[in-house]
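Visitor: predicted model follows, preceded by the sequence.
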Amino acid sequence: MGFVRSSFFVIASVLLFFSFLALNTFWILDSSLEYDNVHPALVSAANDFIKEELNLIDKIGDNFMFMKLYCQNNSDFVFSDPETGFVFEISCDSINKGVEEVINEGISDFVDKVYYKDYECSFLNCFKEADVPFFLVSEKAKNYWHKNSYFALIISVFLILLMFFLIEKKTSLPFVVGGLMMLSALPFVKLNSFLSYSSNKAAIVFFKIFFSESGRISLKTLFIGLGAIAFGIFLKFFVIGFKISDIFSRLSKNSGENPVSKEEVKDLVKEEVSKSKEQSSGKKQKPSSN
């Protein structure tokens, strides 16, 4: 029976590690795809794409005088590109400041539309329907990873409860859980540094957006793991303190009628220590054969 429990405990520990790994990944993606993180990074990344691929500077330059005339009686100008289907809503305040300001607002507006667009496809089907997978850096993607992070958290809690019933020494569980949690965070600590070695600039930009929060989240996970280990140390001392308290409680009951000598106190402490050693080592006496 002991071997079976140990085997299931090892399997549950391996599954818990992968569950923590998935939880860290989903948590990082969820946090990294917050609007405040995505917007500045995507504006910078989209700057070259919009200027070069859409040839936005020339198109705005050709229509700039008309835009200025339009703004004499209006507050906003809607600029549409029939070739790509992109629509930019630009304030007349930006138009009056010049072409560069128009481009900057156009890019910002483009990023906002990409992020908040109502993608009607499911997350996985969007890969098939979109030529350029902008939905990956959208609010839809953030909500998808947010939902999956809760799912991974539920699985992790279930595995921890299962391990609690499988492990023989309950006070050792926080050490196992804390260690696995810290181990699962290590791959993400310096992830952004490894991405910088890639030669594909577009891939670097998008991966940095996806994992911009990897350093902060991995440090949080490390501290939570350390907290679990600290809790395990506290439990160990609590159990030891409880045993010592029990010894003195037993001594105090007999102290009124039969005073206890120092030698008897030492014997009781030695007895408890020997019991603890036997329990921790798991040794069992075998019956002697005649």
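Guide: The structure has been received and is ready for your questions.
Visitor: what residues sit buried inside stretch 80-96?
Guide: Phe86, Phe88, Ile90, Ser91, Cys92, Ser94, Ile95 (16 or more other CB atoms under 10 Å). For every residue, glycine as well, the C-beta is placed using N, CA and C.
Visitor: without its sequence neighbours, what residue ends up closest to Val38?
Guide: Spatial nearest neighbour of Val38, chain neighbours left out: Val137 (5.5 Å); criterion: CB to CB, 6 or more residues apart in numbering.
Visitor: just the pLDDT for the one you found.
Guide: In the predicted model, Val137 carries a pLDDT score of 87.
Visitor: just checking, it touches Tyr115?
Guide: Yes. The criterion here is CB atoms under 8 Å, and Val137 meets it with Tyr115 at 6.9 Å.
Visitor: which one's more surrounded, those two?
Guide: Val137 (24 against 20; other CB atoms under 10 Å).
Visitor: wait, what's in contact with the more buried one?
Guide: Val137 is in contact with Leu33, Val38, Leu42, Val114, Tyr115, Phe206, Ile209, Phe210, counting by CB atoms under 8 Å, 6 or more residues apart in numbering.
Visitor: just the ones of the buried residues of stretch 80-96 in strands?
Guide: Phe88, Ile90, Ser91 (DSSP state E).
Visitor: pLDDT score for Ile154?
Guide: 97.
Visitor: neighbours of Lys140, how many?
Guide: Neighbours of Lys140 (other CB under 10 Å): 20.
Visitor: how about it: what's its closest non-neighbour residue?
Guide: Tyr119 (4.9 Å).
Visitor: tell me who's in contact with the one you found.
Guide: Cys126, Phe135, Ser138, Lys140.
Visitor: kindly report the same for Phe26.
Guide: If you count contacts by CB under 8 Å, 6+ apart, Phe26 has them with Trp145, His146, Asn148, Ser149, Ala152.
Visitor: quick one: least confident helix or strand in the protein?
Guide: For the chain, using mean pLDDT, DSSP states H and E, the weakest element among its helices and strands is helix 262-281, scoring a mean of 57.
Visitor: point out where the stretch 51-200 of the chain drops to low pLDDT.
Guide: The model of the stretch 51-200 of the chain has pLDDT under 70 over residues 51-57, 81-85, 130-132, 192-200.
Visitor: how about the helices of it, start to end?
Guide: 56-70, 92-97, 99-116, 126-129, 139-166, 173-189, 191-195 (DSSP state H, counting those that start in this stretch).
Visitor: done for today, thanks.
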